[in-house]
Structures are given as structure tokens and as C-alpha cells.
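> pasting the sequence and the predicted model now:
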Protein chains: 2
Amino acid sequence: MTTIDKALDALFLLSERAQALRLAEVARELGMPRSSAHRILAPLLRRGLAEQDSDGRYRAGFALMALGLNVASREPLATAAKPVLESAAADLGETFFLVVARAGKLVVLEKAEGSGFLRAAPRLGADVPVHATAVGKLYLAFAPDEVEINDLPRYTPGTLRSRKALLAEVERVRAQGWATNIEEWQAGLAVSAAPILSHGRMHGAVALATVAARFTAIGMTTATRRVVHAAEGIALRIEGRSP
Amino acid sequence: MTTIDKALDALFLLSERAQALRLAEVARELGMPRSSAHRILAPLLRRGLAEQDSDGRYRAGFALMALGLNVASREPLATAAKPVLESAAADLGETFFLVVARAGKLVVLEKAEGSGFLRAAPRLGADVPVHATAVGKLYLAFAPDEVEINDLPRYTPGTLRSRKALLAEVERVRAQGWATNIEEWQAGLAVSAAPILSHGRMHGAVALATVAARFTAIGMTTATRRVVHAAEGIALRIEGRSP
DNA sequence: AATCTTCGTTCCGAATAATGGAACATTTAT
DNA sequence: ATAAATGTTCCATTATTCGGAACGAAGATT
């Protein structure tokens, strides 16, 4: 483990914890003496990646925000998808979001939240499991090399836990061109998703997330039509064939 | 300069550059041999703070996005302000945003964009100058210790460049309780802002940004009323005296 | 009030990890 | 076909990190 790794440990620690940490706590969490923690935090403070409150406690700094948003803003797919997601969300009043595979993981890249009191609010940059989500099934069907899948943890009673069942589901998804996930990952959450296909490649997926009860009300056909339409709209945009 | 500093240099470099960089370019920019750059980038890659494309070029990684959004989401002020900004933006069709002082700088913490074809789109996490913005004047008037001000660069012909003129303006701002910035920072940009005051302290400022031409059409009175109302609404929310 | 912890910070010799030139196989440019 | 530049690994030298010790300050406990 390099010195840089230790600094990054500290950075992730501060980012994960909601409240500010004392130096001694940081040292304890990272398993190092206070003097070492102190030395490691100094460069992070200088750059604004960490900050100290009036009591000297450490928290993640604002510079992190700027760094993170740089990443998001330079993804052309996110820019292309944003207006499409927004109009879909405004239309139906439900949350639409964009997921892509990066480094074997599925990451939420952009979103437009619905208007309901109870609504899905995915966190940008967060990663979602492959085997228990609609988007994961799409990737397994259309671009299996882009995602890594190790074990199949059980999240809910509905989670597909055998490789055989998952493969059968993926087969069906490939044939129909869209996927759903009804309470397979989180209780009460229903998702319908469609792949963004262009130039013979899958670039990501659009998903519609809602409360399972409302999903039934919307109807599978409507939900499917919406996500497929949005995904196709984004595909057209990245091909430059749409205003 | 510590090893950590060098790693952070690399991180900021990747984040600033729009396109991916070759290893040799990183090494050149940071003024180190390729072997050193290679070693320094390795831990960043492992953590997902940097990524390599198919050609081996380096770019900022997705983990940065998650880190940055953690920072934003745990700011209670941002959470409190979001709905207020959104309803104000929807109402008037113009961009409203929230700015706070952190470590002597003014940082954009949350925003709700207007609907116009030509509209202000501040970048979250970006910092704005103190002496040439409406929010800066408010801080100078109500919480001067929270901002640092060194030189007064000239951005436009309208920028206040003498301390005397700035102080006079700050006096007026303090008396009237709100501030404006009409093409003092960026040509064509007009801003009206009001402070979020609570518990005898300034917590931040709400700003309405628009095209100077439209600002005239909206009218100073309307613009002022809107930002003051939004700022007061946020103050009520952080005091828990509002639904 | 007095004592005992815990804290943040600085210091410094010992231990260790970073350094950068060299070498080599690839890739790109001429 | 030749030359230049690139990504990667290796290793002896060097410079940095490491962590215990020590200190004053701030809380907690008696």
C-alpha cells in the first residue's frame, strides 16, 4: 500500500461519513497514529479536498464537488440524455435515469426525478448491482463483456439467485428488447429499462423507476413504450440525427 | 511537496482536461519521468478516481462523481434550498442559485435553471469572484470575515475597481438588504441577490441570474422581491418553521 | 479544585517507500 | 524501412514517510 493509497483512504472516509471527524477518529479508522493521520490530511486540506470546521474536525471539502461535476459534465452521453430524461419525467411524473457500465460496474450517470411525494431518487455516481436490476439484465443481454458479475446476493425474496434463472431471464430480455425489475432489488421498487443502441453497440440504458404499486397502474405496455422511446431518442441524438 | 501532492496534481490535471491524456502527456505536464507518473497513477486507477480508455489514455474516473455528490448532498442548506429554488425558477422561468462562502471563497452550492434558450447555467462547485458579484457584495455587507478579497481584477467595463467605490456600494447594499450585479462580472449577465439570514448570521445567498436585457424587462422591483422572498423562505426552512 | 484523560500538534532518528535512469517491446510518425 | 516516441518493468540510490515521544491545551472525572 502506497502513501497515496493512505491519502485516498482518508478521502473516501471523509466522504462517506455524514458528520465531521476528529483527527483521532480518522487515525483510529485508518489504523495509524495521530501524527501520521495529521501529516496525510495536510495536503488534502491545502487542496480543498478536505476542510476543517471551527472545532478542527475534518470533513470532505468543496473542491471534491467541482472535481466530480467536471467528470459528469464531460460525458457527452449525459448531456445528450438530460433533456430526453427531463421531458419523459415531466410527462409521466416518474423518475427516469441513465445508467452506463464503467470499469465493470453499472453507474447512474444522469437523472430526472418524478414529482410524486414518494419517488425514486437514485444518487448520481452510485453503482447498482448487475443481477438484480433491469439495466443489469440489459447489459447481460446486449453487452455482457462490459459488466462483471461475481456472486448473486439476495436482496429481496424476488431476487434471482441462480445463474440458470438469470440466464433464462436474460434470454427473454434479449428477445423482447427491454427489461423489468419488479422488487428484485429493493422492496417496493419497480423499474422498466431499455438499451441505448447505436452503431451496433450498447451505450447505456434508460430506466423508469417507480413504486411497485404505481407501476401496475401505469401498465407494462405504457412503461415499456416510454423507456424504449426515450432510449431511441437518445440514440438518435448521439448519432446527430435529431434536433 | 509530498507524494500525495503529486497524486493530487495528477487528479486535478485529469479533471481539468476535457479529453483523455496519454501517460507521457501527464508526465510532461507534471514535470516528472514517465515511470513516476505511471506509478502515481496506479493507486488512482485502483480506486476509480482515474480511468483508462481503450487506448490506455487517462481520464478522471467516475468515483470522483460519487465523492463530489456526497459533499453536496450532506449540505443541509442545499437540501433546504432546492425546492425553493426550483419553484422560483419554474415561476419566473429564470435561473436561481444558492451561493455560500467556504474557506474564504464563494461557491455555487445548488441551482435551478430557467427555461430560456439563453439562460444562466452556473456550475455547481465553481467559485465566483467577491468584488464583482451581487452575492459577493452581500457577504461584504453582512459577513465580511467569511470572504477573502485580495485584488480587484477588471472583468468588464462595469467592474468596480477601486476599494472606495466598492465600499460605498457595500454600504448601500447593507442598507437596502439586497444587491445587484449588472454586467460587472460578465457581459450580458445581470444578477439580483438576497442574503439568507438566520440566528443573527448569514448562511448564504440566493441569486437570480438572467440576461441583462431580460432583467430590465422583469424590473428591479420584481427581481428583488423574488430573491428576497426565496431567501426568507430558505431561512424559515432551516429554522424548521416552514413545511 | 485538583487530577486524569484525551486531544492536536511538532520533532526527529530509523525504516521504508519514492525516485528516475536504463532497458525493452510496442506503437506511431517520417 | 527507419526513426522517434510510447508504455511498462526493474533496481540501486535517495529522499520521505513513519511513528514514538513530548508538549500544552481542553475536557472529563474524582
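Happy to help now that I have it. The model shown is predicted, which means the values in this text are computed figures rather than measured ones.

> name the element A:Asn181 belongs to?
Using DSSP states H and E, A:Asn181 sits within strand A:179-182.

> okay, now the sheet partners of that strand, with direction.
The pairing partners recorded for strand A:179-182 under DSSP bridges are strand A:189-198 (antiparallel).

> pull the partner strand out as PDB, backbone CA atoms only.
Only the C-alpha atoms of strand A:189-198 are listed here, as PDB (Å, rounded to 0.1, in the frame of the first residue of the first chain):
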ATOM      1  CA  LEU A 189     -39.300  -0.600  -6.300                       C
ATOM      2  CA  ALA A 190     -40.300  -1.400  -9.800                       C
ATOM      3  CA  VAL A 191     -38.100  -0.500 -12.800                       C
ATOM      4  CA  SER A 192     -38.500  -0.700 -16.600                       C
ATOM      5  CA  ALA A 193     -35.500  -0.200 -18.800                       C
ATOM      6  CA  ALA A 194     -34.400  -0.100 -22.400                       C
ATOM      7  CA  PRO A 195     -31.000  -0.100 -24.100                       C
ATOM      8  CA  ILE A 196     -29.400   2.800 -26.000                       C
ATOM      9  CA  LEU A 197     -28.200   1.000 -29.100                       C
ATOM     10  CA  SER A 198     -26.200   2.800 -31.700                       C
END
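
> can you pull the contacts of the closest residue to chain B within chain A?
Here chain A gets closest to chain B at one residue, A:Gly68, 2.0 Å apart by CB to the nearest CB. Any C-beta I mention is one placed from the backbone N, CA and C, and that applies to glycine too. By CB atoms under 8 Å, 6 or more residues apart in numbering or on different chains, the contact set of A:Gly68 is A:Gly125, B:Leu64, B:Met65, B:Ala66, B:Leu67, B:Gly68, B:Leu69, B:Val71, B:Gly125.

> now, which of those sits nearest B:Val173?
Closest to B:Val173 out of those is B:Gly125 (25.4 Å), distances taken as CB to CB.

> gap between that closest one and A:Arg22?
To A:Arg22, B:Gly125 is 26 Å away according to CB to CB, to the nearest Å.

> which of those two has more neighbours?
Between B:Gly125 and A:Arg22, counting by other CB atoms under 10 Å in any protein chain shown, B:Gly125 is the more crowded of the two (20 against 13).

> quick check, pLDDT for the more buried one.
What the model reports for B:Gly125 is a pLDDT of 85.

> now do the phi/psi pair for it.
phi 90, psi -10 (degrees, to the nearest 10).

> tell me who's in contact with it.
A:Phe62, A:Ala63, A:Met65, A:Ala66, A:Leu67, A:Gly68, A:Leu69, B:Gly68, B:Ala72, B:Val107, B:Val108.

> burial count for the second one?
Using other CB under 10 Å, the number of residues around A:Ala63 comes to 25.

> quick check: closest non-adjacent residue to it.
Using CB to CB, 6 or more residues apart in numbering or on different chains and skipping the chain neighbours, the partner closest in space to A:Ala63 is A:Gly48 (3.4 Å).

> for the host helix or strand of A:Ala217, name the packing helices and strands.
Using DSSP H and E, A:Ala217 sits in helix A:212-218. Packing contacts for helix A:212-218, counted by 3 or more CB pairs under 8 Å, 6 or more residues apart in numbering or on different chains; DSSP states H and E, involve strand A:189-198.

> any idea of the mean pLDDT for the strand it packs on?
96.

> kindly report the same for stretch A:53-68.
Averaged over stretch A:53-68, pLDDT sits at 89.

> ramachandran coordinates for the residue nearest to A:Pro122 when sequence neighbours are not counted?
Take A:Pro122 and drop its neighbours on the chain: the residue closest to it by CB to CB, 6+ apart is A:Val108, 4.7 Å away. Note on A:Val108: its backbone torsions stand at phi -80, psi 120 [degrees, to the nearest 10].

> quick one, domains of chain A?
Here the domain parsing of chain A from automatic domain parsing is A:3-66, A:75-238.

> how long is the longest one end to end?
The straight-line separation of the ends of domain A:75-238 (CA to CA, to the nearest Å) is 11 Å.

> distance between the helix or strand A:Lys137 falls within and the chain's centre?
In this structure, A:Lys137 sits in helix A:134-142 according to DSSP H and E. Put simply, helix A:134-142 sits 14 Å off its chain's centre (CA atoms, centre = their mean, to the nearest Å).

> residues in contact with the helix or strand following that helix?
Downstream of helix A:134-142, the next assigned helix or strand under DSSP H and E is helix A:163-176. Helix A:163-176 has contacts (CB under 8 Å, 6+ apart) with A:His131, A:Lys137, A:Leu138, A:Leu140, A:Ala141, A:Phe142, A:Leu152, A:Leu160, A:Ala179.

> which two in the residues you listed are spaced the farthest apart?
A:Phe142 and A:Leu152, at 19.8 Å, using CB to CB across these.

> which stretch among the domains of chain A comes nearest B:Glu183?
Set against B:Glu183 and scored by CB to CB, the domains of chain A come closest in domain A:3-66, at 25.3 Å.

> is that closest one anywhere near DNA strand D?
Yes - on the criterion CB under 7 Å from any atom of the strand, domain A:3-66 is in touch with DNA strand D at A:Thr3, A:Lys6, A:Met32, A:Pro33, A:Arg34, A:Ser35, A:Ser36, A:Arg39, A:Ile40.

> distance of the residue nearest to the first one when sequence neighbours are not counted relative to B:Arg39?
In other words, A:Thr3. Nearest residue to A:Thr3 in three dimensions, chain neighbours excluded: B:Thr3, at 4.7 Å (CB to CB, 6+ apart). B:Thr3 sits 10 Å away from B:Arg39, going by CB to CB.

> and what of A:Gly219?
When A:Gly219 is compared with B:Arg39 (using CB to CB), they lie 56 Å apart.

> neighbour count: those two, which is higher?
Neighbours were counted for A:Gly219 and for B:Arg39 using other CB under 10 Å; B:Arg39 has more, 16 against 10.

> just the CA trace of the helix or strand bottoming out on mean pLDDT in chain A, in PDB.
Least confident helix or strand of chain A, by mean pLDDT, DSSP states H and E, is helix A:63-73 with a mean of 85. The C-alpha trace of helix A:63-73 is given here as PDB (Å, rounded to 0.1, in the frame of the first residue of the first chain):
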ATOM      1  CA  ALA A  63     -13.100  21.000  -4.200                       C
ATOM      2  CA  LEU A  64     -14.400  17.500  -4.500                       C
ATOM      3  CA  MET A  65     -17.700  18.700  -5.700                       C
ATOM      4  CA  ALA A  66     -16.100  20.700  -8.500                       C
ATOM      5  CA  LEU A  67     -13.900  17.700  -9.500                       C
ATOM      6  CA  GLY A  68     -16.900  15.300  -9.500                       C
ATOM      7  CA  LEU A  69     -19.100  17.600 -11.600                       C
ATOM      8  CA  ASN A  70     -16.300  18.000 -14.100                       C
ATOM      9  CA  VAL A  71     -16.500  14.300 -14.700                       C
ATOM     10  CA  ALA A  72     -20.200  14.300 -15.200                       C
ATOM     11  CA  SER A  73     -20.300  17.300 -17.400                       C
END
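
> please consider this matter closed, and thank you.
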